[in-house]
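Colleague: here is my input; please provide its structure:
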Amino acid sequence: MTSPDVAYRVLIVDDDAKMTEDLRDLLTDELADLGGINYEVEQDFASAEERLSREDFDLVILDVRDTVDGSPSADVEGRGREVYEQIAKVRWVPVVFYTGVPERVRALENPPLIRVVTKNDLDDIAPAVREGLLSGVPTLTRRISSLVEHQVRDFMRDVVAPHWVEMAGADPNEIAPVVLNRLAAWLRENGLHELDRTVDGNLLTTGGRSSSARVYLMPPVTHHLTATDLLVDPQGGWWLVLTPACDLYEDHPNASIPKPRTAKAQYVHLARADRVFTDDESRSESPAIDPWLTSAKSGSDKSQAKRAFRVDDNRYRALPRYLDVPNLVIDFENVRSVPLEEAREWRRVATLDSPFAEAMLIAYSRSVGRIGTPDVSFDDVQVLLGLEKPRSVPIPPQSVPGTPNDAVSNP
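Modeller: Numbering: from 1, shown residues only. A predicted model of the protein is given here:
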């Protein structure tokens, strides 16, 4: 773990002692504004693997080519990439490949978390390291891991131990799912709040946004398209997958299953997800809200705009902004059918989490299955029950006998 007087720990893996010394001096000067940075060096790739499996680092600077007696060997030409793959298996941290053979790892580059810098390109190495450190990924990992570890510990101590007599005869493999389900349920209900309450720092302050974060699974959990996925079409329009839910299921192509299940649907139904604000925030994509933004703010326009945020409206459902999901209004009257193969090519951003997913699908079913009925008055029954007071009923005008049919006598 990073000590209180050290802001970051960086591991440099390179067999060139002179190179690592120069690199450490350069970074110490260039990144002095980030606070204390502890640079540790490993010249042996196997030792680096071992350390990374048991120690926390905030970033790794990794050479790709290992050398023997100063000369590259065919057996170790890609040693750095192997080390990266081992890192990713046991402890994922941002990596800056600092190498003379950048082409070997260029395909892995994913800034700012994975960067590739050519050796001796001194203008690029410090900015790459800075971006990786400021990403905060390792700290985030430690915070979440600590939260999960503490909850598992508490569950074993407070729940499993007192009931061990009942559980002792069970297959240990049957106890593990209980722990897992309990952990998942606890994290779902309390994890976001607990993360803010117990950990000091500004890296992942959810604050008042916890309720919004609770709505989404980001990125989607399933590998296949599923109901309540949020998609973005090639033109930038947002859509919510509605149906068919079960017919979209398919096993992962890499699953070891004799007869993997495939999707049965050929088409999916999508509801338009209108952005509450356009890019300049002067207009709205929602037909309920845009008249309010562009009109003289009449009462009728206001009532129509407020419909979009009611939980009992039959046409609209609002979704909150979070990360790259904007404030959206789902329009159940703007629904289209798209071939499954086409929808698969659209960008999947998120899936609604339970119970928001179920509530959205039920709302859509109620919208399309709604049957109108005439209003029926139960005022008389409520009066008899004492729920309402009798209301005076106006007496209709009466015709006076002997007057013409169209003449009315006023009392």
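Colleague: since we're on residue 370, how many residues are nearby?
Modeller: 9 (other CB atoms under 10 Å). Placement of C-beta: from N, CA and C, glycine included.
Colleague: and it, what is it in contact with?
Modeller: residue 314 (CB atoms under 8 Å, 6 or more residues apart in numbering).
Colleague: wait, a helix at it?
Modeller: No - Residue 370: not assigned to a helix; according to DSSP: H, G, I helix; E, B strand; the rest coil it is coil.
Colleague: give the buried residues for stretch 343-362.
Modeller: Residues 343, 346, 348, 349, 350, 351, 352, 353, 356, 357, 360, 361 are the ones in stretch 343-362 that count as buried (16 or more other CB atoms under 10 Å).
Colleague: can you list contacts of the helix or strand containing the third one?
Modeller: Read that as residue 348. For residue 348, the element it lies in under DSSP states H and E is strand 347-352. The set of residues external to strand 347-352 that reach it, using CB under 8 Å, 6+ apart, is 215-222, 225-226, 228-232, 240, 319, 324-325, 357, 360.
Colleague: repeat that with 6 Å
Modeller: Contact partners of strand 347-352, identified using CB atoms under 6 Å, 6 or more residues apart in numbering, comprise 216, 217, 218, 220, 228, 229, 230, 231, 232, 325, 360.
Colleague: go through these and say which is closest to residue 160.
Modeller: Of all those, residue 217 has the smallest distance to residue 160: 28.1 Å, by CB to CB.
Colleague: three-state assignment of the spatially closest residue to residue 86 that is not a sequence neighbour?
Modeller: Of all residues not flanking residue 86 in the chain, residue 49 sits nearest, at 5.0 Å (CB to CB, 6 or more residues apart in numbering). Per three-state DSSP, the secondary structure class of residue 49 is helix.
Colleague: so residue 49 touches residue 85, yeah?
Modeller: No - counting by CB atoms under 6 Å, residue 49 sits too far from residue 85 to count as a contact (10.0 Å).
Colleague: the two - which one has more neighbours?
Modeller: residue 49 (18 against 11).
Colleague: the stretch 101-250 of the chain: strands as residue ranges?
Modeller: Assigned by DSSP state E, counting those that start in this stretch, the strands in the stretch 101-250 of the chain fall at 114-118, 216-217, 229-232, 238-243.
Colleague: now these as JSON lines including distance to residue 152 and mean pLDDT?
Modeller: Formatted as JSON lines, these follow (distance: least, CB to CB, whole Å; pLDDT from 0 to 100):
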{"stretch": "strand 114-118", "distance to residue 152": "30", "mean pLDDT": "93"}
{"stretch": "strand 216-217", "distance to residue 152": "22", "mean pLDDT": "92"}
{"stretch": "strand 229-232", "distance to residue 152": "31", "mean pLDDT": "97"}
{"stretch": "strand 238-243", "distance to residue 152": "34", "mean pLDDT": "94"}
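Colleague: which one of the ones you listed is the most hemmed in?
Modeller: Mean neighbour count (mean count of other CB atoms under 10 Å) peaks for strand 238-243 among the strands of the stretch 101-250 of the chain, with a mean of 24.
Colleague: and it with strand 347-352, angle?
Modeller: In terms of direction (axes from the mean of the first three to the mean of the last three CA atoms, to 10 degrees), strand 238-243 departs from strand 347-352 by 60 degrees.
Colleague: which residues does strand 238-243 contact?
Modeller: 227, 229-232, 268-271, 273, 328, 330, 364.
Colleague: can you add distance to residue 179 and give the residues you listed back as TSV?
Modeller: Formatted as TSV, those follow (distance: CB to CB, whole Å):
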residue	distance to residue 179
227	29
229	30
230	31
231	35
232	37
268	36
269	38
270	38
271	38
273	37
328	36
330	37
364	36
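Colleague: with respect to residue 41, which of those residues is nearest?
Modeller: Closest approach between those and residue 41, by CB to CB: residue 232, at 44.3 Å.
Colleague: for that closest one, which non-adjacent residue is closest in space?
Modeller: Using CB to CB, 6+ apart and skipping the chain neighbours, the partner closest in space to residue 232 is residue 347 (4.4 Å).
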